[in-house]
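Task: produce atomic coordinates for the following.
(2 chains)
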Amino acid sequence: MVIQVKGTKPNRRNFLKAAAAAPLAAAAGSRAFAQDADPAIVNKQPWNQYLGDGVDARPYGMPSKFEADVVRRDVPWLTADPVSSVNFTPLHELDGIITPNGLCFERHHAGIAEVDPAEHRLMINGLVDNPIVFTMEDLMRFPRENHVYFLECAANSGMEWAGAQLNGCQYTHGMIHNVMYTGVPLRLILEEAGVKTAGTWILPEGADASGMTRSIPMEKAMDDCLVAFKMNGEALRPEQGYPVRLVVPGWEGNMWVKWLRRIEVGDQPWHHREETSKYTDLLENGQARRFTWEMDAKSVITNPSPQAPITHGPGPTVLTGVAWSGRGTIPRVDVTIDGGMTWHQARMSGPSMDKSMHRFYYEFDWDGSPLLLQSRAHDSTGYVQPTKDMLREVRGENSIYHNNGIQTWYVAEDGSAENVEVS
Amino acid sequence: MSKYLKILAPALGGTAGMLTMAYVLADQLVIDMPAPVRDTFAIGTAQAQTTTEAPADEATAQAPATNDASVQMASAEEMAASTPAAGTRFGLGRPALEAEVAAWDIDIRPDGQGLPVGSGDVWTGEEVYVENCAMCHGDFGEAVGRWPVLAGGWNTLEREDPVKTIGSYWPYLSTVYDYINRAMPFGNAQSLEPDEIYAITAYLLYLNNIVEDDFELSNETFLDVEMPNAGGFMPDDRPETELAVFSGDVCMENCKDSVEIVMRAAVLDVTPDSDEAEPTEAVAEAAAEIALSDGDVTEAGMADGTAGANDDMPAQVADAGMAQETAVEDAAVVAAADPELIAAGEGVFRACKACHAVGDGAANKSGPQLNNILDRPIGSVEGFRYSRIFDEAHTAGEVWTMEALTAFLANPREAMPGTKMSYRGIQDPADIDAVIAYLEDASAE
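Numbering: from 1, shown residues only, chains lettered A, B, ... in the order given. Prediction:
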């Protein structure tokens, strides 16, 4: 394997973190023999001896205090103000496919609206036979469905168009979450109002101070969109649109209007701010694509990664990551540990659902030499996740949105990892 | 075998078949939605067959057993076709009143649909803009900090780092009116009158060299304006330009002779760092403003209001987002203050939050941070560019006494003539007391 490294040493803090966390690192291929008895075994721990909290000490259960680092984080320099900003899901701390509610990334345009469900209404108006107002109670009387879908912001990985920039899959790929929604098919609600023949578009609108709006074609609205009020079994979190949000499977997250209060039916798109000034993809020739709704197939290795270095030294190593496609399922993911010279088919594990996240693993025996890790998703349409350079060739570097290029992590001998691009 | 069982057996067989495929097709395990509940809805054999396949006539009951997504689609279309969109179906909800639709239906389209009657000229627009918009977007649309740039950027779309403004990028003028009307000014949305919005829009056109300074925009003249980049957009062409190109066979072995790292994130080093307070050279300046301690990060992460149950959370986490559940712990910390007054003040402060921050790590926004504002010397926050009258008060050694602060909050422009703060003042004296109590409580140590 030929890996040439240019530039300075990799990230110092991760090296320190790795070194500190691996005092008992085993030598390659052999078990470590303990010299002294392990205090974790021979000493009594407080929890071995004393009583813990009783029931109801934590009426809403929280993670262990030892997991306090597992939180959403933001990149403050990205935006002018945290009220109209984004933070990121800590993908490197998660496994399986479901994102816990408290870790689902947030994107608000006017802060978190604290909506009183008793004062919340959903109005359907425009090109309908019967403009209707629903209360939350009304919505709960429609037949419901449950579906697991990923929601990815179109700007996920947007900071990486021009090159490797942020060290950690939380920042490079964390504008995504994968949640089971409970909700009413939008079709049923629209049919309740009776869409007129001329009605070919809808405009969902949020109740927050940004009055978020997006134009969605009727075909999609009548297909698989949900008006959802539960996520992973419990009420939507305020930051995810409590009490009710739109679910637009496979399409960019901005369209999943939170705090949904109105849906207008019309005969043409509205071309509002979030579908003209934003969420349009500027190409190299100065032309911009608009209505690029579908999220292309994408994957990322979550471990090892810059925030999750290898701390155990050489030997058996678990590589894992997630993959998803707005056009279907992910039957296959390939991984490479040598920067793309040789690829291996990863092992898929967990349910494979349409427009949902998929989990993959690749277990290997690390010999301690530097690694260049990549993953490559194949979706059920036959589409294969492209390299960043393949994308740049088509789109240039000004697109911001829809960057689904292959991510590379460089893992140094000490196990620390860094976001890089390779030839 | 009874007729009942004859129906049941194939249905169960179909269900079992589906279960065997559940591993890969879990999401397909969705039985068609029940047909709308009609008056004639019968609790008969069809429903008794299984508890999951609730109401359905025989046609729809067969559909899911084939486990074919296209069949689901077809049946959905059938349902729509068989029930022309007339009359309610579940009978849920109630008719929207005209006044209700009028109150919420504010959207504007490129063809002018939705525009209210009104007008405004460039010069009026400048006044309204300076008062309501300039603190974030700059006097000439050039923007303050990272707020959106509204003007200029012409002919930059093909360059590296294009500047996408109303003039250089936005294809439709209706988008400008609609967005100002629904979402601006930031933190006080839907507070402007149609004439004011027409005027601001006219001024923005003027700043972008699209109209002359004597231009008046109205619902009558609106469609006469053509935006420079109207032709700059095309439909999503990924199906033609990308999907086929990126699909197909992939290389698995001997794909390259060698691999070289051509770019590394460590060179830029702009990743937020929660492990060290020490900022790196490259971003020393930015980091000074944005540095996050572990405590801050934890608070932000816990902002869903569930942190109260964690005994290891620091007691001073009285953050706006998590008021309810930590109230008990916080009470001990702020025993001297009136919790109700503080809570009321937090509500009042919402109107201030777009421009002012308070608390740990509060930074200057378009207004200065407000930590310990009571008895703080006027105009004393480092790095904030004050209006002249604040600088003068500072030089004169004046401080924000309770009286001075109360007067300023009641009527900013009267108390401090020439202040840049575009806020009309707090009407209710009780609200002023409340917000001051909140600021005291929320201030960083």
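
Quick check: neighbours of the helix or strand hosting A:N87 in the sheet, parallel or antiparallel?
For A:N87, the enclosing helix or strand under DSSP states H and E is strand A:87-88. Here strand A:87-88 is paired, per DSSP bridges, with strand A:73-74 (antiparallel).

if we can go back for a sec, show me what the strand holding A:N87 is in contact with.
A:R72, A:R73, A:D74, A:V75, A:F105, A:E106, A:Q170, A:Y171, A:G174, A:M175, B:A300 (C-beta atoms under 8 Å, 6 or more residues apart in numbering or on different chains). Glycine gets a C-beta too; all of them are placed from N, C-alpha and C.

Name the nearest of those relative to A:A34.
Comparing the contacts of strand A:87-88 against A:A34 with C-beta to C-beta places A:Q170 closest, at 34.7 Å.

returning to what we had before: show me which pair in the contacts of strand A:87-88 is furthest apart.
So, the contacts of strand A:87-88 by C-beta to C-beta: farthest apart are A:M175 and B:A300, at 15.8 Å.

Neighbour count: the two, which is higher?
A:M175 (23 against 18; other C-beta atoms under 10 Å in any protein chain shown).

Next one: the more buried one from A:S85, what distance?
11 Å (C-beta to C-beta, to the nearest Å).

ok, which stretches of the stretch 151-300 of chain B are strands?
Per DSSP state E, counting those that start in this stretch, the stretch 151-300 of chain B carries strands over the ranges B:216-218, B:233-235, B:259-264.

and those strands, which is most packed in?
For those, average neighbour numbers computed from mean count of other C-beta atoms under 10 Å in any protein chain shown are highest in strand B:216-218, which has a mean of 21.

Low-confidence ranges, the stretch 151-300 of chain B, go.
The model of the stretch 151-300 of chain B has pLDDT under 70 over residues B:268, B:273-300.

Helices along that one, start to end?
Taking DSSP state H, counting those that start in this stretch, the helices of the stretch 151-300 of chain B run over residues B:173-183, B:194-207, B:238, B:244-246, B:265-268, B:284-290, B:294-301.

List the contacts of B:G383.
Contact partners of B:G383, counting by C-beta under 8 Å, 6+ apart, are B:N364.

Quick check on it: phi, psi?
phi 80, psi 0 (degrees, to the nearest 10).

And A:P386, by the same measure?
The phi/psi pair for A:P386 (degrees, to the nearest 10) reads phi -80, psi 170.

What of A:S349?
Per-residue torsions, A:S349: phi -140, psi 130 (degrees, to the nearest 10).

what's the neighbour count on it?
Neighbours of A:S349 (other C-beta under 10 Å): 14.

Pretty sure it sits against A:Y362.
No: with contact defined as C-beta atoms under 8 Å, A:S349 does not count as touching A:Y362 (11.0 Å).

Run through the helices of the stretch 201-350 of chain A in chain order.
Under DSSP H, counting those that start in this stretch, the stretch 201-350 of chain A gives helices at A:218-223.

any idea of the pLDDT on the residue of it found nearest chain B?
Closest approach between the stretch 201-350 of chain A and chain B, counting by C-beta to the nearest C-beta: A:G339, at 3.3 Å. As predicted, A:G339 sits at a pLDDT of 97.

do the same with A:K9
So, for A:K9, pLDDT stands at 42.

Over to A:W259?
pLDDT, A:W259: 98.

what's the burial count for it?
By other C-beta under 10 Å, 27 other residues sit near A:W259.

Once you drop chain neighbours, what's closest to it?
Nearest non-adjacent residue to A:W259, counting by C-beta to C-beta, 6 or more residues apart in numbering or on different chains: A:A207, 4.2 Å away.

Run through the residues that contact that neighbour.
For A:A207, the contact set (C-beta under 8 Å, 6+ apart) comprises A:A113, A:V115, A:H120, A:W259, A:L260, A:R261.

Tell me the most packed of the residues you listed, by neighbour count.
A:W259 (27 neighbours).

Pop the domain breakdown of the chain in here.
All of this refers to chain A. A:101-289, A:294-420 (automatic domain parsing).

that's the wrong chain, I wanted chain B
Annotated domains of chain B cover B:3-82, B:105-224, B:264-291, B:337-442 [automatic domain parsing].

so for the last one, what's the average pLDDT?
Same thing as domain B:337-442. 84.
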